[in-house]
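J.: everything below, folded, please.
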Amino acid sequence: MTLRRSPALLLTALSIALSAPAVARETTPALAASAVRTPEDVYGPLYRAVELARVFPDSKTFADLVPLSAPDAILQAYRTEAPQGRDALAAFVARHFRKVGDADTRKLSMREHIRALWPVLAKPPMAVVPGSSALQLPQTYVVAGGRYQEMYYWDSYFTMLGLKADGERPLIESMLANFSALIAQYGHVPNGTRSYYLSRSQPPFLAMMMDLSEAHDPALDRERLATLKAEHAFWMAGAKCLAASGACEHVVRMPDGSLLNRYWDARDTPRDESYAEDIATAAAAAGRAAPQVNRDLRAAAESGWDFSSRWLADGNTLATIHTTDIVPVDLNSLMWNLEKAIARRCTAVGDTACARAFETRAAARGVAIGKYLWSAGDKRFADWDRRTGKPTSAVSAAILYPLFVGLATREQADATAALVTEKLLAPGGLRTTTLTTGQQWDQPNGWAPLTWIGVQGLDRYGKTAQAEDLALRWLRTVSRYYDANGRMVEKYNLETGQAGGGGEYPVQDGFGWTNGVTRALLEKYPALDHS
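T.: Below is the predicted model of the structure:
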């Protein structure tokens, strides 16, 4: 991963701006052109001083230079230093600008590095080559980086948090347009934009992504409401085929008749992207049919936690995976949030019948979560195992989801906060689980999305000091690794501060959600920014 700024920054930004439907809704070409500021508009007295002093023989030279930091910071430095004369101005310009195509040789701060990566990770819509696995997207999108050169579902929410903090509004709008297009074409958001991901989705964060948007008009609001309803229908489609087994597709009938959700995949073959690995796992699963093992592996991939002791019957061995038997607390918290979001949007467009229907759904789900996914005896949220008919023993960062969405009671939040301190707080941040298995979604690894869930969830219930401490631990881990290696990576070892391990592939650079969450935390806690 290079640390230099992309020479194509301006072209990428222009492409993004032109592709964003929200911008087109709100401006005309004439207005957009007049709103663009020229170098003289941006740099004012500095620009005029440099040009009139003839620092460069060709006036176009300074007009085309690339700033090495934010224009406001450069202007503040100019006012403070007040360089006089051609030589002093030339030296000032050399410290704060570079020519297009020249490497930025100074070490970027972590915040600057994140900002410089957005145009690198942003990809324009491209024609799909027949026979390739790529899915066509109509708008610009952001990838995670490394081996992940397609748009992923739940990754994108955490990436968008950073885009929001850095003012990359057109990118947020274009990615939302892509998700709406995917649902319109396929009926759901696939795990990622590859053909081999179409048989499953990922944790439903789309409603929260829409909340990051600043674009609003009646037509767009109704379009997005319809998109969320379609996503909800995808997750609840199994309610129509429930039989004696009590489970169909993503839907599970609980003992009292209430409906909750599980992770599931429409295919039961080895994953294309992990073909040999899945065949080996199924072969090691003595006494189990390969198709069921494959489906459980795929369902874990839909969860985003691929893989974790949460899904393992013996808590340690991948061949014992039984994801489809688990009713997970994180998924059902997000489904409750989706139902509340649809109800809220129905109210906004004046559809009171729809609002009542989805409020009723959310209320019923909330009761079921409290009954089955809250272990009163242990005072903790938990996943529920259909085979045993009781909560699993796994303690994981997923227990923070009910706080994140605002579903937990005050007493549940207090107990969860205490359990986090007791079991999940590591020197470098929030542990994923309490077990060390060699799987990447277990300790000692820590992940950006779970950090954000934890910080926001704790803060939402007034645990402000605990939330800030968690943010500080994460930022310290990420910044120390960046200072030593010049890289942002997919996951971190929270005990050593090094890159995380485990999983089916080497740790990846980039990295979209690490960049996004880290940038959002710097925005939330500016006093913690020591870059």
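
J.: just want the most central residue of this protein.
T.: Phe158 (2.3 Å; C-alpha atoms, centre = their mean).

J.: just give the nearest non-adjacent residue to it, would you?
T.: Spatial nearest neighbour of Phe158, excluding adjacent residues (C-beta to C-beta, 6 or more residues apart in numbering): Trp513 at 3.8 Å. Using the backbone N, CA and C atoms, a C-beta is placed for each residue, glycine as well.

J.: also Pro328?
T.: Distances taken as C-beta to C-beta, 6+ apart place Asp383 nearest to Pro328, at 4.9 Å, with adjacent residues excluded.

J.: repeat for Thr352
T.: Per C-beta to C-beta, 6+ apart, closest to Thr352 is Cys346, 7.5 Å.

J.: just Val293 next, same as before
T.: Per C-beta to C-beta, 6+ apart, closest to Val293 is Ala282, 4.3 Å.

J.: can you tell me how far the one you found is from Tyr263?
T.: Going from Ala282 to Tyr263 by C-beta to C-beta, to the nearest Å gives 18 Å.

J.: then Gly501?
T.: Taking C-beta to C-beta, one finds Gly501 at 24 Å from Tyr263.

J.: between those two, who's got more neighbours?
T.: Between Gly501 and Tyr263, Tyr263 has the larger neighbour count (other C-beta atoms under 10 Å), namely 26 against 13.

J.: list the contacts of the more buried one.
T.: Contact analysis of Tyr263 by C-beta atoms under 8 Å, 6 or more residues apart in numbering lists Arg200, His250, Ala299, Ala300, Glu302, Ser303, Thr323, Thr324, Ile326, Pro328, Leu331.

J.: hmm, Leu331 and the residue nearest to Pro328 touching each other?
T.: No. Using C-beta atoms under 8 Å, Asp383 is not in contact with Leu331; the gap is 9.4 Å.

J.: just the strands in the stretch 201-350 of the chain please.
T.: For the stretch 201-350 of the chain, the strands defined by DSSP state E, counting those that start in this stretch cover 247-248, 251-253, 259-261, 326-327.

J.: now render those strands as CSV, adding mean neighbour count.
T.: Below are the strands of the stretch 201-350 of the chain laid out as CSV (neighbours: other C-beta atoms under 10 Å):
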stretch, mean neighbour count
strand 247-248, 17
strand 251-253, 22
strand 259-261, 21
strand 326-327, 26
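
J.: dump these to CSV, plus distance to Ala467 and mean pLDDT.
T.: Below are these laid out as CSV (distance: least, C-beta to C-beta, whole Å; pLDDT from 0 to 100):
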stretch, distance to Ala467, mean pLDDT
strand 247-248, 36, 98
strand 251-253, 32, 98
strand 259-261, 28, 98
strand 326-327, 28, 98
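
J.: would you agree Glu173 falls within a helix?
T.: Yes. According to DSSP: H, G, I helix; E, B strand; the rest coil, Glu173 belongs to a helix.

J.: what about it, how many neighbours?
T.: With other C-beta under 10 Å as criterion, Glu173 counts 26.

J.: one more: Ala364?
T.: Neighbours around Ala364, by other C-beta under 10 Å: 15.

J.: same thing with Gly44?
T.: 13.

J.: doesn't Asp72 make contact with it?
T.: No. Assessed by C-beta under 8 Å, Gly44 is found out of contact with Asp72, at 11.4 Å.

J.: what about the closest residue to Asn445 other than its chain neighbours, neighbour count?
T.: Using C-beta to C-beta, 6+ apart and skipping the chain neighbours, the partner closest in space to Asn445 is Gly500 (4.0 Å). Residues lying near Gly500 (other C-beta under 10 Å) number 20.

J.: try the one 3 residues further on
T.: By the measure other C-beta under 10 Å, the count of residues near Gly503 is 17.
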